[in-house]
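Visitor: sequence-free structure coming up:
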């Protein structure tokens with residue numbers, strides 16, 4: 001007998017998310033088959049020096065335009081067990097709302113001092129930390145005037161799974177109309193970074209973003 005998993009909701013769309021969301025209940029893969037899917041990806045877990053600092057391309061170069069921020073948090077299971085040696089890949093738009101990607105046709109300003117990509121590994125207690133430039137909002141749907149609020153993408157890889165989420169910022173005017181925020185409903189609070197002061201370190205603001213994998217109070221993943 002085939003076991004069926006959850007049904008994914010489809011909320012307001014940016015013309016791509018609806019195409020990626022299954023219309024029928026997901027089918028659970030038998031445990032015996034899942035074991036054969038475990039990937040061997042040694043290259044992805046190699047962390048290079050200074051990849052945690054996205055505010056500059058290399059330590060000897062000038063910082064990118066915008067506000068440098070720190071993001072810290074933990075990656076844990078629903079029971080609170082820390083997920084150690086978990087790879088986080090991070091990417092976000094620059095200060096002007098532009099991604100350094102061939103498919104970003106927004107025409108917004110590029111910053112030659114900002115790549116917008118970084119990687120970190122969690123420590124034995126599941127903690128992570130990185131610096132980046134506070135991203136700008138951008139007009140995702142010019143045809144209907146829909147803006148995407150500032151956000152940071154985080155890919156979480158560990159064991160045989162890879163999950164992608166987004167950290168939002170508090171009190172952003174475009175949060176309320178964001179398709180993912182609407183889909184999350186009250187759970188949207190879990191994906192908002194919590195601000196803190198950063199005295200004594202070379203950034204202007206800090207945000208705490210704890211990632212929970214699994215369970216009813218899990219972080220929202222795409």
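Guide: On my side now, so go ahead. None of the values given here were measured: they were computed from a predicted structure. Residues are numbered from 1 along each chain as shown.

Visitor: Checking residue 186 next. Helix, strand or coil?
Guide: helix (DSSP: H, G, I helix; E, B strand; the rest coil).

Visitor: State the phi and psi torsions of residue 189.
Guide: phi -60, psi -30 (degrees, to the nearest 10).

Visitor: what's around it, how many residues?
Guide: The local packing of residue 189 (other C-beta atoms under 10 Å) involves 11 other residues. Yep, even glycine has a C-beta here, placed from its N, CA and C like the rest.

Visitor: now it: how far from residue 217?
Guide: For residue 189, the distance to residue 217 (C-beta to C-beta, to the nearest Å) stands at 11 Å.

Visitor: low-confidence ranges in this structure?
Guide: For the chain, the stretches with pLDDT under 70 are 1-22, 34-47, 159-160.

Visitor: How are the helices of it distributed by residue range?
Guide: For the chain, the helices defined by DSSP state H occupy 17-20, 31-34, 179-184.

Visitor: quick one: residue 157 and residue 86 touch, right?
Guide: Yes: with contact defined as C-beta atoms under 8 Å, residue 157 reaches residue 86; the gap is 6.8 Å.

Visitor: ok, those two, which is more surrounded?
Guide: residue 86 (22 against 19).

Visitor: How about that one: what's its closest non-neighbour residue?
Guide: Spatial nearest neighbour of residue 86, excluding adjacent residues (C-beta to C-beta, 6 or more residues apart in numbering): residue 158 at 4.0 Å.

Visitor: what do you get for residue 136?
Guide: Nearest residue to residue 136 in three dimensions, chain neighbours excluded: residue 97, at 3.4 Å (C-beta to C-beta, 6+ apart).

Visitor: just residue 79 next, same as before
Guide: Leaving aside its sequence neighbours, residue 79 sits nearest to residue 215 (C-beta to C-beta, 6+ apart; 7.8 Å).

Visitor: wait, what's in contact with that neighbour?
Guide: For residue 215, the contact set (C-beta atoms under 8 Å, 6 or more residues apart in numbering) comprises 77-79.

Visitor: That one and residue 197: what is the separation?
Guide: Separation of residue 215 from residue 197 (C-beta to C-beta) stands at 31 Å.

Visitor: With residue 121 instead?
Guide: Residue 121 sits at a distance of 26 Å from residue 197 (criterion: C-beta to C-beta).

Visitor: These two: which is more packed in?
Guide: The neighbour count for residue 121 versus residue 197, taken as other C-beta under 10 Å, is higher for residue 121 (17 against 8).

Visitor: Go through the chain and flag its longest strand.
Guide: Using DSSP state E to define each element, the chain has its longest strand at strand 68-77.

Visitor: residues contacting the residue nearest to residue 180 when sequence neighbours are not counted?
Guide: Residue nearest to residue 180 in three dimensions, not counting chain neighbours: residue 166, with 6.8 Å by C-beta to C-beta, 6+ apart. Applying C-beta under 8 Å, 6+ apart, we find residue 166 in contact with 151-154, 180, 191, 222.
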